[in-house]
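Participant: all I have is the shape, not the residue letters:
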């Protein structure tokens with residue numbers, strides 16, 4: 001029989017005092033020392049012991065029963081408390097009282113399960129991309145911490161190293177550090193978990209059973225740690241960790257609101273008033289807790305009377321409703337006993353009010369002044385405002401049945417495809433075929449690239465909307481012949497623009513795509529105001545100017561000015577129009593002659609959009625880099641540019657296309673009318689991106705305090 005070595009006393013039966021000291025006395029606990037020394041090296045340690053007895057003795061002790069259906073002829077009842085007590089492995093009986101058998105300790109076996117070689121580099125890349133990697137495992141905390149250090153999840157000292165150094169400074173043996181000393185680090189924080197008590201502690205290794213003692217402050221402090229490991233966790237604890245990470249933004253908002261409450265407390269109450277109000281609230285809260293317990297008992301009795309299960313989801317949901325009702329009643333009581341102010345209190349703030357009142361009183365009693373506390377709170381609030389307090393997207397990896405609750409609770413559950421259990425795969429959103437953590441990081445990079453490229457493709461596609469819409473506005477406002485027919489707009493949207501827009505999806509990543517912080521889902525959307533402003537208000541306007549310039553230049557080529565065609569809008573294209581003398585003459589031209597000129601002007605407008613889109617698709621290849629840095633290695637886009645040009649030539653010069661789309665052949669110089677505008681688009685955007693790069697290079701606090709060009713144009 002074997003058991004994990006984290007509880008070496010769990011395999012002890014009846015031992016003599018000197019032998020028992022090997023397990024229970026910290027000063028002479030050689031076994032515990034060896035187990036820790038192996039765990040610190042990242043090894044999983046198993047302890048082995050044997051028990052020599054007979055079948056009859058085991059039956060007499062109630063450890064097993066006769067069973068002819070079993071291969072051994074015995075049926076063991078390990079799940080019964082009496083069996084565990086008789087074997088001496090019950091955790092409920094101190095000193096193994098009542099044990100009927102003795103065990104012989106055989107030794108320890110350690111196992112090494114080394115991480116893959118590329119995991120460390122993948123985690124470093126995550127850290128660069130501001131992605132928090134948290135290790136949640138069932139291993140011993142020392143084993144977990146060692147592995148986490150090896151793969152760079154933890155890089156600095158944890159509380160264990162910090163406490164060992166303190167013990168050395170006091171002249172004590174650091175090997176005699178207790179588990180309580182090692183694993184109480186989650187509580188060493190100040191100001192509601194917003195600030196670490198000891199800045200020397202950079203990493204945190206949380207012992208699973210201590211999660212039962214966590215409050216919101218402890219969760220806030222722990223989950224803010226960049227280097228974090230949870231060890232010896234149970235399935236439900238893994239789920240609890242995931243749920244608290246998902247509501248981390250709410251915890252931060254609650255802490256900020258409690259800081260505002262503390263400012264009001266300091267400005268309106270004396271220490272005596274703080275203590276008196278806190279005591280009154282504690283009494284009131286205690287009364288409400290008793291009422292809540294009575295409601296739960298009544299609910300339980302009602303379920304039993306109705307022959308319903310009290311371990312069901314329905315019962316738990318009803319209990320949660322009662323808890324919410326109790327919290328609401330507590331908040332009302334706190335509101336009645338607290339001086340009103342300008343701060344709008346959250347319900348959680350009311351529930352924490354008795355504790356916060358005593359904390360403020362304790363700080364004042366320790367010699368701090370109200371001015372000092374207000375200054376400190378103002379600093380904390382300013383720091384919180386600067387944080388990107390947005391909801392986190394939590395992804396969880398797992399391969400076993402125990403990971404299923406966490407996989408299901410996560411925003412993205414990732415099961416292992418090779419070693420993963422079927423239950424884990426069923427509860428996951430994604431299956432990792434190669435069981436390699438580095439593949440997840442590659443997936444994140446690809447996701448960021450896809451998001452960037454979708455933005456670029458949308459920016460390119462939207463830009464041509466302005467030169468497509470403004471001709472109709474010009475027809476209505478200035479009453480000029482329509483500069484662009486609807487069928488020509490379809491040629492652009494479904495023809496010339498189609499392949500370049502698709503080709504932007506194949507664009508390579510700009511440098512530093514994994515050096516960015518995760519985007520704010522509430523602000524950095526696929527289409528945002530800055531993208532619309534750039535596409536419509538800047539580049540689109542230049543394209544529209546190019547189109548009208550080409551349109552009027554063609555009319556001017558044939559001797560017609562703006563004054564000649566203004567006001568002729570619908571009459572210009574009316575083949576039944578008659579002037580005052582009964583002739584179909586508009587702007588001095590008969591119908592066929594003027595329609596030929598109009599077709600050429602419309603074709604020039606169409607060509608100008610194509611020429612301007614050459615530059616537009618090139619500037620859309622990047623959002624911050626110069627095209628000289630990015631290059632033209634996207635062959636799909638190069639083919640798209642070629643296809644766009646060939647299709648435009650076919651539309652202009654091929655008779656079947658002329659008949660179908662109403663185009664006319666153009667002189668070469670009419671193609672060139674739009675080239676200066678295309679060049680202007682490229683130069684304008686290159687200067688814009690250059691300015692963004694300069695602003696970033698000169699800003700040591702970037703991405704804070706972004707420059708004006710980036711704030712207004714970086715989409």
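Facilitator: Nice, thanks for sending it over. Keep in mind that what you see is a predicted model, and the values were worked out from it rather than measured. Numbering: from 1, shown residues only.
Participant: close enough to count as contact, residue 39 and residue 146?
Facilitator: Yes - with contact defined as C-beta atoms under 8 Å, residue 39 and residue 146 form a contacting pair (7.0 Å). Every C-beta, even on glycine, is put in place using the N, C-alpha and C of the backbone.
Participant: how far out from the middle of the chain is the top helix by length along the chain?
Facilitator: In the chain, taking DSSP state H as the definition, the longest helix is helix 271-305. Centre-to-centre, helix 271-305 and its host chain are 37 Å apart (C-alpha atoms, centre = their mean, to the nearest Å).
Participant: what's downstream of it, the next helix or strand?
Facilitator: helix 313-336 (DSSP states H and E).
Participant: mind giving me the domain ranges of the chain?
Facilitator: 2-111, 119-246, 252-386, 441-510+522-713 (automatic domain parsing).
Participant: any chance of these in a markdown table with mean pLDDT, mean neighbour count and distance to residue 421 as columns?
Facilitator: Converted to a markdown table, these look like this (pLDDT from 0 to 100; neighbours: other C-beta atoms under 10 Å; distance: least, C-beta to C-beta, whole Å):
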| stretch | mean pLDDT | mean neighbour count | distance to residue 421 |
| --- | --- | --- | --- |
| domain 2-111 | 63 | 15 | 20 |
| domain 119-246 | 82 | 19 | 13 |
| domain 252-386 | 85 | 15 | 23 |
| domain 441-510+522-713 | 91 | 17 | 22 |
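Participant: of those domains, give the one that comes closest to residue 401.
Facilitator: Among the domains of the chain, the nearest to residue 401 by C-beta to C-beta is domain 119-246 (8.0 Å).
Participant: what about the closest one, start to end distance?
Facilitator: For domain 119-246, the separation between the terminal residues is 25 Å (C-alpha to C-alpha, to the nearest Å).
Participant: helices or strands up against the helix or strand hosting residue 165?
Facilitator: In the assignment (DSSP H and E), residue 165 maps to helix 159-169. Contact here means 3 or more C-beta pairs under 8 Å, 6 or more residues apart in numbering; DSSP states H and E; on that basis helix 159-169 packs against helix 179-183, strand 203-207.
Participant: what's the last one in contact with?
Facilitator: Applying C-beta atoms under 8 Å, 6 or more residues apart in numbering, the contact partners of strand 203-207 are 141, 144-145, 148, 154-160, 179, 182-183, 185-186, 222, 225, 227-232.
Participant: could you redo the last one with a cut-off of 7 Å?
Facilitator: 141, 144-145, 154, 156-158, 183, 185-186, 222, 225, 227-232 (C-beta atoms under 7 Å, 6 or more residues apart in numbering).
Participant: and the helices in the stretch 51-200 of the chain?
Facilitator: Using DSSP state H, counting those that start in this stretch, the helices of the stretch 51-200 of the chain run over residues 55-60, 81-87, 119-128, 141-150, 159-169, 179-183.
Participant: what's the third one packed up against?
Facilitator: Think helix 119-128. Packed against helix 119-128 by the contact rule (3 or more C-beta pairs under 7 Å, 6 or more residues apart in numbering; DSSP states H and E) you find helix 437-463.
Participant: how far does the helix it packs on sit from its chain's centre?
Facilitator: 16 Å.
Participant: residues in contact with the residue of the chain most remote from its centre?
Facilitator: Within the chain, residue 581 marks the point farthest from the mean C-alpha position, 74.8 Å out by C-alpha atoms, centre = their mean. Counting by C-beta under 7 Å, 6+ apart, residue 581 touches no other residue.
Participant: how about it, secondary structure?
Facilitator: The three-state assignment at residue 581 reads coil, by DSSP: H, G, I helix; E, B strand; the rest coil.
Participant: re earlier: of all the domains of the chain, which one comes closest to residue 393?
Facilitator: Closest among these, using C-beta to C-beta: domain 119-246, at 8.7 Å.
Participant: next, residue 431: phi, psi?
Facilitator: phi -120, psi 130 (degrees, to the nearest 10).
Participant: I'd say it and residue 415 touch.
Facilitator: Yes - using C-beta atoms under 7 Å, residue 431 is in contact with residue 415, at 5.2 Å.
Participant: which neighbours do those two share?
Facilitator: Shared contacts of residue 431 and residue 415, counting by C-beta under 7 Å, 6+ apart, come down to residue 425.
Participant: out of those two, which sits in the busier spot?
Facilitator: Legend: neighbour count by other C-beta atoms under 10 Å for residue 431 and residue 415, higher for residue 415 (27 against 15).
Participant: spatially central, which residue of the protein would that be?
Facilitator: By C-alpha atoms, centre = their mean, the most central residue of the chain is residue 393, 3.0 Å off.
Participant: helix/strand/coil for that one?
Facilitator: Classified using three-state DSSP, residue 393 is coil.
Participant: ramachandran coordinates for the residue farthest from the centre of the chain?
Facilitator: phi -100, psi 10.
Participant: mind checking how far the closest residue to residue 149 other than its chain neighbours is from residue 109?
Facilitator: If the residues on either side of it in the chain are set aside, residue 149 comes closest to residue 155, at 7.3 Å by C-beta to C-beta, 6 or more residues apart in numbering. Taking C-beta to C-beta, to the nearest Å as the measure, residue 155 and residue 109 are separated by 30 Å.
Participant: next: residue 493.
Facilitator: 70 Å.
Participant: check the secondary structure at the nearest residue to residue 587 once chain neighbours are set aside for me.
Facilitator: Excluding the flanking residues, the one nearest residue 587 by C-beta to C-beta, 6+ apart is residue 564, at 4.7 Å. Recorded secondary structure, residue 564: helix (three-state DSSP).
Participant: doesn't residue 594 make contact with residue 564?
Facilitator: No - between residue 564 and residue 594 there is no contact under C-beta under 7 Å: 10.3 Å.
Participant: mutual contacts of these two, please.
Facilitator: Here residue 564 and residue 594 have residue 587 as joint contacts, going by C-beta under 7 Å, 6+ apart.
Participant: can you give me the helices in the stretch 551-700 of the chain?
Facilitator: Using DSSP H, counting those that start in this stretch, helices in the stretch 551-700 of the chain cover 562-565, 569-572, 591-619, 627-630, 635-653, 655-661, 668-672, 675-697.
Participant: got those as JSON lines, with distance to residue 543 columns?
Facilitator: Below are the helices of the stretch 551-700 of the chain laid out as JSON lines (distance: least, C-beta to C-beta, whole Å):
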{"stretch": "helix 562-565", "distance to residue 543": "20"}
{"stretch": "helix 569-572", "distance to residue 543": "23"}
{"stretch": "helix 591-619", "distance to residue 543": "4"}
{"stretch": "helix 627-630", "distance to residue 543": "18"}
{"stretch": "helix 635-653", "distance to residue 543": "14"}
{"stretch": "helix 655-661", "distance to residue 543": "20"}
{"stretch": "helix 668-672", "distance to residue 543": "16"}
{"stretch": "helix 675-697", "distance to residue 543": "7"}
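Participant: nearest to residue 467, of those helices?
Facilitator: Here helix 591-619 is closest among the helices of the stretch 551-700 of the chain (C-beta to C-beta), at 5.2 Å.
Participant: what is that closest one packed up against?
Facilitator: helix 437-463, helix 486-491, helix 540-557, helix 635-653, helix 675-697.
Participant: tell me the contacts of the nearest residue to residue 601 once chain neighbours are set aside?
Facilitator: Nearest non-adjacent residue to residue 601, counting by C-beta to C-beta, 6+ apart: residue 554, 4.1 Å away. Contact analysis of residue 554 by C-beta under 7 Å, 6+ apart lists 600, 601, 604, 670.
Participant: one more time with 10 Å, if that's ok
Facilitator: 560, 597-605, 664, 666-667, 670, 673 (C-beta atoms under 10 Å, 6 or more residues apart in numbering).
Participant: tell me which of these is nearest to residue 304?
Facilitator: Distances from residue 304 to the contacts of residue 554, taken by C-beta to C-beta, are shortest for residue 605, at 81.0 Å.
Participant: the closest one reaches residue 480, doesn't it?
Facilitator: No - Residue 605 lies out of contact with residue 480 (C-beta atoms under 10 Å); the separation is 11.7 Å.
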